[in-house]
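Novice: Turn this into a model:
(2 chains)
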Amino acid sequence: MENIFDFENKIDIAWCPGCGNYSIRKALLAALKELDLAKEKVVLISGIGQAAKMPHYINTSFFNGLHGRGLPPATAIKACNPELTVIAVGGDGDMYGEGGNHLLHATRRNPDITLFVHDNMVYGLTKGQAAPTSRPGMETPVQVFGVFEKPLNPIALAISLDVTFVARVFCGDVEQTKEVMKKAILHKGFALVDIFQPCVSFNKINTFKWFKDNATYLPDGYDPSDRAGAFKKSLEEEPFPLGIIYKSDHRTTFEENFEVYKRDKSPLYKREVDMKKVEAEIRAKI
Amino acid sequence: MIRTISDDLVIVLAGEAGQGIQSIESILAQLFKMSGYNFFSASEFMSRVRGGANSTEIRVSSKRVAGFLDRIDILIPLHKESIPHLKKRITPATIVLGEKDKINHEGMIDIPFTKIATEIGNAVFSNTVAAGFICGLLKIDEKICENYILEYFSKKNEEIRSNNLEAIKRGYTAGKGLSGIDIKIEKYDDAKTDLLLSGSDAISLGALAGGCDYVCGYPMSPSTSVLEKMASYSKKFGIIVEQVEDEIGVVNMALGAWYAGARALVTTSGGGFALMCEGISLCGMIESPLVLHLAQRPGPATGLPTRTEQGDLDMVLHAGHGDFPRIILAPGTLAEGFALTQKAFNLSAKHQIPVFILTDQFFVDSKYNTPVFAAMGLKVEKHIVKTEKDYKRFSLTENGISPRGIPGYGSGNVCADSDEHDEGGHITEDLDLRTRMVDKRLKKFAAIRPDIIPPKLVGNDHYKTLVVCWGSTFNTVTEAVETLGEKDIAVLHFSWIFPLPENTGEYLKKAANIIVVENNSSAPFARLIKLATGYAIEHKVLKYNGLPFSVEEVKKEIQKFI
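Specialist: From the prediction side, this is the model:
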């Protein structure tokens, strides 16, 4: 069946054959279709990296900006036009490394946007250096003695900052990835989905099999609304828990707090400045 | 002996941070204006919240003047450090009015501001006593003073209001009764109906009139006042104002806002701007509009945080890797600060390029009366199109400007990419297309040309000596040149800096002698002129100690080259 978010003609995709990004694209295309979103109301935002090329392979508007800088424009785009569905996409280096500070502050603002992070525990575009999520001991052309830094735990970080939708999926399970993506997009507020993904070219340790062996679905009856329990869960490693680890609806969004939308819900581009009011403001200086 | 001061009076208030110099200044500003005097003030202060040695110059004149003077007619030191701090400017002609208990200065007239205030009930009223004293000295209408002080403190409780009323009265009586000083300043009725505002007010009002609806920044002196003023307008004018985590976030957020159809303003200073350079380059690549106000302060690095310099021109000229067009504006007056900021939004939206407004601490913190700005003169031009299904954001056009769509308005995809891209905004490594895309972006230089505002010539059209300046130095340099009394001299002031106006060379060609005045150490504007016109200006008047030029020093330095 036709998907308006896919292209009519075959497109040239720059990812390596066998890359986990293909599965993530498949899940994202299916999620967008099943949510029945109006194509012209969806905007994808990304920085730089293999994952950040995703917007080019989805038939929507996009803002493919600078490395690490996806979240500030994504936040502003949603703020200036709340009618848009805003989805930011990036890799572990893009979002957790170069863009770390923006991630921290996006969690504080809580814009109603979704962030998908392709987490393959390695730098792909620059050919095989360590990522903030690389496991200790991984040797690379730069980390010649092996990674000795503590890996960043994005799930624990996000829960500690009270991000109200925090999930982790493995792209090998396209169905779960799609379902969690849909819930993340529908969630009101900032939603983070960390997506485990093998890099077939540069990560010979964290392979498809490794992820399969080292990740496990959340148990039946797991309560994602219990923040303390979710935080405890987020600390589990090898196996890493998969699913919606924390979810809450107690926070207001960035846009909801603006005076600008209190009486008038229309996006900024539809508004006109009242020059008479401006003149009155000028004359107030007399 | 009676000391007479005619037509032009310079009062300097000096003290520690936190002593209330600014409140005296703002009370006097309104009272002088209401009384029909021309008013100018400029402040210099240390980068500290309490203590130190700061000063504010207040100029009251019968003529419309807004140059900074070294001369001090009346000095009111509120702290003992004020005298050594201003020693280079204190002459035997300076009348020092201070408190014997605090200040030791030969010839000082003892005015017991604190004693009077304490009699009223509290030493805190000494600022109002001092303001009243100056009003009495100038014999401005006592009733105006009393009414205004009640208005000034209208949000305070009854006791504070009545004590300040008493303070202004007691100060007034003391000032009026002081013998030996005769101040004669002609009134100038237009001042009453003028605006009275600061440089940051002018920039902020210009942004409002330019249709600004999104402001982001990170607090940094001396640019913060624009961020705060825009925040104060946010509710009334429907503006989103956000303090971002860092300047990298600031510029990227502003680009996102423009992408979504807003008209965003960024306000920053040199160090913050340095962090934005990659974002400026992104602006060039995705052909986004962006209006950026940069209030300069001396560098390198943290430099002198609260002081002034015109030192960032080269950085703004070259900011961002790669080659792409930009516009740089630098207002010389408050009227230009308003009009150029208003215009900057339309220029940026029309040409889809960054427009920089360069001011500095002296410009944003100076205040004077000026005729009312007309916002209606310019309409907000959005330059946004409704997209069709096959819309291409970077379509190759005759003049390099592609119709700008925004997401959600029309049925097309609006694709922006920091990589080199094709017309649709997708990554390309088609190297022939790359050349065409660079050419497309650079073509805009030609499209900008008709919009360029030529420099302003002040003085004799048939000049032999031409004094070239730019940005905030306009008032000081023109006043210095006027008071020189030379016949064959003119000032050429640039508020449109880049692309340099095409007729610049013609102005220079006519001069036998060219002098450039820049508030920096290496005359980057003269370098830009050399690059664009071939004229090397050898006579340079430069200043880079963190203070603005004074009329006297510009006059003295120019004289050396005539």
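Novice: wait, doesn't residue A:225 sit right on residue A:247?
Specialist: Yes. Under the criterion of C-beta atoms under 8 Å, residue A:225 lies in contact with residue A:247, with a separation of 6.3 Å. Every residue, glycine included, has its C-beta placed from N, CA and C.
Novice: contacting residues around the helix or strand residue A:45 falls within?
Specialist: Per DSSP states H and E, residue A:45 falls inside strand A:42-46. Outside strand A:42-46, the residues that touch it by C-beta atoms under 8 Å, 6 or more residues apart in numbering or on different chains are A:5, A:32, A:52-55, A:58, A:60-65, A:70-71, A:73-74, A:77, A:84-90, A:94, B:256, B:260, B:407-408.
Novice: what ranges do the helices span in the stretch 101-250 of chain A?
Specialist: Listed in chain order, the helices of the stretch 101-250 of chain A (DSSP state H, counting those that start in this stretch) span A:154-160, A:174-186, A:208-213, A:227-234.
Novice: Just the strands from the stretch 401-550 of chain B, written as ranges.
Specialist: Read by DSSP state E, counting those that start in this stretch, the stretch 401-550 of chain B holds these strands, from start to end of the chain: B:405-410, B:415-417, B:456-459, B:465-470, B:489-494, B:496-498, B:513-518, B:539-542.
Novice: near chain A at all, the first one?
Specialist: Meaning strand B:405-410. Yes. Shown here: strand B:405-410 in contact with chain A (C-beta under 8 Å from any C-beta of the partner chain) through B:406-410.
Novice: Tell me the buried residues in that strand?
Specialist: B:405-410 (16 or more other C-beta atoms under 10 Å in any protein chain shown).
Novice: now, among the residues you listed, which is nearest to residue B:36?
Specialist: Out of the buried residues of strand B:405-410, the one with the shortest distance to residue B:36 is residue B:406. That distance is 49.5 Å, counting by C-beta to C-beta.
Novice: Tell me the spacing between that closest one and residue B:240.
Specialist: Residue B:406 sits 16 Å away from residue B:240, taking C-beta to C-beta, to the nearest Å as the criterion.
Novice: Then residue B:25?
Specialist: Computed as C-beta to C-beta, the residue B:25 to residue B:240 distance reads 32 Å.
Novice: quick one: residue B:519 and residue B:560, what's the gap?
Specialist: Taken as C-beta to C-beta, the spacing of residue B:519 relative to residue B:560 amounts to 18 Å.
Novice: what's the neighbour count on residue B:528?
Specialist: 21 (other C-beta atoms under 10 Å in any protein chain shown).
Novice: What confidence value was assigned to it?
Specialist: Reading off the per-residue confidence, residue B:528 sits at a pLDDT of 98.
Novice: quick one, what contacts it?
Specialist: The neighbours of residue B:528, taking C-beta under 8 Å, 6+ apart as the test, are B:313, B:317, B:497-498, B:500.
Novice: cool, and residue B:254?
Specialist: Contacts for residue B:254 were tallied using C-beta under 8 Å, 6+ apart; they are A:76, B:214, B:216, B:264-266, B:279, B:290, B:292.
Novice: you'd agree it is in a helix?
Specialist: Yes. Counting by DSSP: H, G, I helix; E, B strand; the rest coil, residue B:254 is located in a helix.
Novice: Which SSE is immediately downstream of the longest helix anywhere in chain B?
Specialist: As far as residue count goes, and with DSSP state H defining each element, the longest helix of chain B is helix B:158-177. Secondary structure here is assigned by DSSP H and E; on that basis, the next helix or strand after helix B:158-177 toward the C-terminus is strand B:181-184.
Novice: Would you mind naming what in the stretch 151-286 of chain A lies close to chain B?
Specialist: When proximity is defined by C-beta under 8 Å from any C-beta, the stretch 151-286 of chain A lies next to chain B at A:258-260, A:264, A:267-269, A:271-275, A:277-279, A:281-283, A:285-286.
Novice: Among these, which lie within helices?
Specialist: For those, the ones inside helices are A:275, A:277-279, A:281-283, with DSSP H as the criterion.
Novice: Tell me which residue of the stretch 1-150 of chain B lies closest to chain A.
Specialist: Closest to chain A within the stretch 1-150 of chain B is residue B:33: 8.7 Å, counting by C-beta to the nearest C-beta.
Novice: Skipping its backbone neighbours, what lies nearest residue B:113 in space?
Specialist: If you skip the residues right next to it in sequence, residue B:113 has residue B:126 as its closest partner in space, 4.3 Å away by C-beta to C-beta, 6 or more residues apart in numbering or on different chains.
Novice: Same question for residue B:347.
Specialist: Counting by C-beta to C-beta, 6+ apart, the nearest residue to residue B:347 once its immediate chain neighbours are dropped is residue B:355, at 5.3 Å.
Novice: my read: the one you found touches residue B:329, true?
Specialist: Yes. Here residue B:355 lies in contact with residue B:329, judged by C-beta under 8 Å, at a distance of 6.8 Å.
Novice: Overlap of the contact sets of these two?
Specialist: Overlap between the contact sets of residue B:355 and residue B:329, as judged by C-beta under 8 Å, 6+ apart, is given by residue B:344.
Novice: circling back to that earlier point, take the contacts of strand A:42-46 and keep only those in helices.
Specialist: Cross-referencing these against helices under DSSP H gives A:32, A:71, A:73-74, A:77, B:256.
Novice: Residue B:484 versus the most centrally placed residue in chain A, what's the distance?
Specialist: Using C-alpha atoms, centre = their mean, the residue of chain A that lies closest to the mean C-alpha position is residue A:115, 1.8 Å off. Applying C-beta to C-beta, one obtains 63 Å for the distance of residue A:115 from residue B:484.
Novice: for stretch B:233-252, the distance to its chain's centre please.
Specialist: Taking the mean C-alpha point of stretch B:233-252 and that of its whole chain, the gap between them comes to 20 Å (C-alpha atoms, centre = their mean, to the nearest Å).
Novice: That one: which residues count as buried?
Specialist: So for stretch B:233-252, counting by 16+ other C-beta under 10 Å, buried means B:233-234, B:237-242, B:244-252.
Novice: So residue B:152 is in contact with residue B:24, correct?
Specialist: No. Here residue B:152 does not reach residue B:24: they are 11.1 Å apart, not a contact under C-beta under 8 Å.
Novice: Looking at the two, which one has more neighbours?
Specialist: Counted by other C-beta under 10 Å, residue B:152 and residue B:24 do not tie: residue B:24 has more neighbours, with 26 against 19.
Novice: show me what contacts residue B:436?
Specialist: Remark: with contacts taken as C-beta under 8 Å, 6+ apart, residue B:436 is in contact with residue B:396.
Novice: Make a ChimeraX selection of the buried ones in the ones in helices among the contacts of strand A:42-46.
Specialist: In ChimeraX, the members of those classed as buried (16+ other C-beta under 10 Å) are selected with the following command:
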select /A:32,71,73,74,77 /B:256
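Novice: nearest spatial neighbour of the residue in the stretch 101-250 of chain A that chain B sits nearest to, skipping sequence neighbours?
Specialist: Taking C-beta to the nearest C-beta as the measure, the point where the stretch 101-250 of chain A comes nearest chain B is residue A:105, at 3.9 Å. Once its chain neighbours are removed from consideration, residue A:105 has its nearest residue in residue B:245; the separation is 3.9 Å (C-beta to C-beta, 6+ apart).
Novice: One more: residue B:289?
Specialist: For residue B:289, ignoring the flanking residues on the chain, the nearest one in space by C-beta to C-beta, 6+ apart is residue B:348 at 3.8 Å.
Novice: what residue ranges in the stretch 51-200 of chain A score low on pLDDT?
Specialist: Under the criterion of pLDDT under 70, none of the stretch 51-200 of chain A is flagged as low confidence.
Novice: which residues in it form strands?
Specialist: Shown for the stretch 51-200 of chain A, the strands assigned by DSSP E, counting those that start in this stretch span residues A:61-64, A:85-91, A:114-119, A:165-170, A:191-196.
Novice: Many thanks, have a good one.
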